[in-house]
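> turn this into a structure:
(2 chains)
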Amino acid sequence: MARSARPHDLPDGDASVDALPDALRQAISQHWTQRVVSELQVSRTFARLGPWLRSLRADATVVDMVERAAHEEVQHAELCLHLAAVYAGERPPAPEVPFEMPVFGFEDERLEAAVHVVGLCCVNETIATAYLERCLALATTPLARAANRAHLREEIDHARLGWAHLASSSLTPDLRKQLAVCLPRILAANVPLWEQPDAHLPVDGVPAHGLPSHADSAETIRHAVRELVLPGFRHVGIVAG
Amino acid sequence: MTRPVARLFHAVVIVGASLAGCDAGSEREEGPTPAAAPTSAAVPGQPTPTASPEATAGAAPDTEPVQPATARLDTSSDGGADDQVDAARSGDLAADAPPRPARSAMRARPAPTMAAPESPRGDACPPGSERPFPPCYFIL
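Take a look at the predicted model:
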């Protein structure tokens, strides 16, 4: 049983992990190691967005939440690395984190920043809340339940800050119209990524450990888009053109 | 999962739309986020939200100041519905992914690329004629 730092007060081991076949433990560890990379990439995006939104005079509450999110995503990466260590039986080295800020190509900085917020928070972090909720619902092992609960608790705020930005007075009616026109492209760029098979996990997932099957995960994503994301945009007055 | 997701929708979207002017810091330290009434920016007639019980039950959010864990994880280096759901796919970050296990059940998963659109700039967003957007990062 691996010993490592315990972010979010997670258990430092789990008998149900010890009972898994070695190959599956290694596969799950690699899944979590890849999640380390993802969390740090999201963290860096939030870290760039914070001062940018502040310079654009975005709502102070939203900016504060963005800056906090940058730190929380690092903690999520720690959480993922902890799980990778528990499943592998030893703490893996911190992975390389390739990062390049997406560029959408708008001259209007307010629109460029708003598209970042929409893609990162209103689409991806909102889908993440549904995905994590599904992971939590499936998980029966103590470690997986604790990890997904801790992650979901903060991910909700990361989605929420995006919706708050869209609803704030920082967005002019003209910006809302432009976002509505761009919304199909934003969805097309981001949603399919969630539906791709995991590189490391069996196609049936490992549900008891909070890892849905590919089919279950894809259905969760589609449902989230229909029932969360698109209604959310309608709620803040942005309807896809 | 319809009902939990519906609750989550209220928690994320409607409460999010109500946040402008709220004190997020004090909200965080007091525990689970309470339901909030929609602001004038919200669509009239939407129901009052309730937070997802799975998301908030049991554990209140951390009350300690958030500290980046850079001592343990390197975060400093920069390398620089419906029908719409089935749209574009993107490229490959797999060069930086950890080695894959030699199992027939393991499958390749392309990861997003962050290539910027070359031209034209996206300001006009004319429907049907624009280049695809690059994806944003996400947690999987």
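> isn't A:S43 right up against A:E73?
Yes - at 3.5 Å, A:S43 and A:E73 qualify as touching, with contact defined as Cβ atoms under 8 Å. C-betas here are computed from N, CA, C, even on glycine.
> any weak-confidence spans in the chain?
Chain wasn't specified; assuming chain A. Residues of chain A meeting the criterion pLDDT under 70: A:1-7, A:241.
> um, chain B though
Across chain B, the ranges flagged by pLDDT under 70 are B:1-129.
> what segments of chain A are strands?
Counting by DSSP state E, chain A has no strands at all.
> so A:A130 is in contact with A:R222, correct?
No - with contacts defined as Cβ under 8 Å, A:A130 does not count as touching A:R222, sitting 10.0 Å away.
> who has more neighbours, these two?
A:A130 (29 against 19; other Cβ atoms under 10 Å in any protein chain shown).
> find the nearest non-adjacent residue to the more buried one, please.
Nearest residue to A:A130, sequence neighbours excluded (Cβ to Cβ, 6 or more residues apart in numbering or on different chains): A:A224, at 3.5 Å.
> contact partners for the one you found?
Neighbour list for A:A224: A:T126, A:I127, A:T129, A:A130, A:Y131, B:V5 [criterion: Cβ atoms under 8 Å, 6 or more residues apart in numbering or on different chains].
> are any of those buried, and if so which?
Neighbour-count burial (16 or more other Cβ atoms under 10 Å in any protein chain shown) applied to those gives A:T126, A:I127, A:T129, A:A130, A:Y131, B:V5.
> nearest to A:H235 among those residues?
Of all the buried ones among the contacts of A:A224, A:T126 has the smallest distance to A:H235: 11.8 Å, by Cβ to Cβ.
> I figured that closest one was touching A:G162, is that so?
Yes - under the criterion of Cβ under 8 Å, A:T126 makes contact with A:G162 at 7.3 Å.
> hang on, the earlier thing: the contacts of A:A224 in helices, which ones?
A:T126, A:I127, A:T129, A:A130, A:Y131, B:V5 (DSSP state H).
> quick check, nearest of these to A:A19?
A:Y131 (25.6 Å).
> residue contacts, the nearest residue to A:A88 once chain neighbours are set aside?
Nearest non-adjacent residue to A:A88, counting by Cβ to Cβ, 6+ apart: A:S29, 3.8 Å away. Contacts for A:S29 were tallied using Cβ under 8 Å, 6+ apart; they are A:L83, A:A84, A:A85, A:Y87, A:A88, A:P92.
> most neighbours out of these, which is it?
Result: A:L83 is most packed of the contacts of A:S29 (other Cβ under 10 Å), 29 neighbours.
> how much space is there between that residue and chain B?
According to Cβ to the nearest Cβ, to the nearest Å, A:L83 stands 13 Å off from chain B.
> my read: that residue touches A:A139, true?
No - applying Cβ under 8 Å, one finds A:L83 not in contact with A:A139, separated by 11.6 Å.
> distance to A:P212 for the ones in helices among the contacts of A:A224 - can I get that in a markdown table?
Putting the ones in helices among the contacts of A:A224 into a markdown table (distance: Cβ to Cβ, whole Å) gives the following:
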| residue | distance to A:P212 |
| --- | --- |
| A:T126 | 17 |
| A:I127 | 13 |
| A:T129 | 14 |
| A:A130 | 11 |
| A:Y131 | 8 |
| B:V5 | 14 |
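> pull out the buried positions in stretch A:179-199.
A:179-196, A:198-199.
> what do you get for stretch A:219-230?
Using 16+ other Cβ under 10 Å as the test for burial, stretch A:219-230 gives A:T220, A:I221, A:R222, A:H223, A:A224, A:V225, A:E227, A:L228, A:V229, A:L230.
> quick one: it to chain centroid distance?
Here stretch A:219-230 is found 15 Å from its chain centre; the criterion is Cα atoms, centre = their mean, to the nearest Å.
> got the end-to-end distance for it?
One end of stretch A:219-230 sits 16 Å from the other (Cα to Cα, to the nearest Å).
> what's the burial count for A:V203?
Neighbourhood size, A:V203 [other Cβ under 10 Å]: 12.
> wait, it sits on A:H214?
Yes - assessed by Cβ under 8 Å, A:V203 is found in contact with A:H214 at 5.3 Å.
> and the helices in chain A?
A:15-18, A:22-55, A:60-88, A:109-117, A:126-138, A:142-167, A:173-194, A:214-224, A:230-235.
> give the buried residues for the last one.
Spelled out, that is helix A:230-235. Within helix A:230-235, the residues that count as buried by 16+ other Cβ under 10 Å are A:L230, A:P231, A:G232, A:F233, A:H235.
> restrict those to those near chain B?
When contact is defined as Cβ under 8 Å from any Cβ of the partner chain, the buried residues of helix A:230-235 meet chain B at A:L230, A:P231, A:G232, A:H235.
> how about those, which pair is most distant?
Maximum distance among those (Cβ to Cβ): 9.6 Å, for A:L230 and A:H235.
> what is in contact with the two at once?
Counting by Cβ under 8 Å, 6+ apart, A:L230 and A:H235 have no shared contacts at all.
> which parts of stretch A:93-100 are buried?
So for stretch A:93-100, counting by 16+ other Cβ under 10 Å, buried means A:A94, A:P95, A:V97, A:P98, A:F99, A:E100.
> now do the end-to-end distance for it.
22 Å.
> close to chain B, is it?
Yes - Stretch A:93-100 is in contact with chain B by Cβ under 8 Å from any Cβ, via A:A94, A:P95, A:E96, A:V97, A:P98, A:F99, A:E100.
> make CSV out of these and add distance to A:L152.
Compiled in CSV, these are given as follows (distance: Cβ to Cβ, whole Å):
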residue, distance to A:L152
A:A94, 24
A:P95, 23
A:E96, 27
A:V97, 23
A:P98, 26
A:F99, 24
A:E100, 28
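> circling back: which one of the buried residues of helix A:230-235 is nearest chain B?
Nearest to chain B among the buried residues of helix A:230-235 is A:G232, at 4.0 Å by Cβ to the nearest Cβ.
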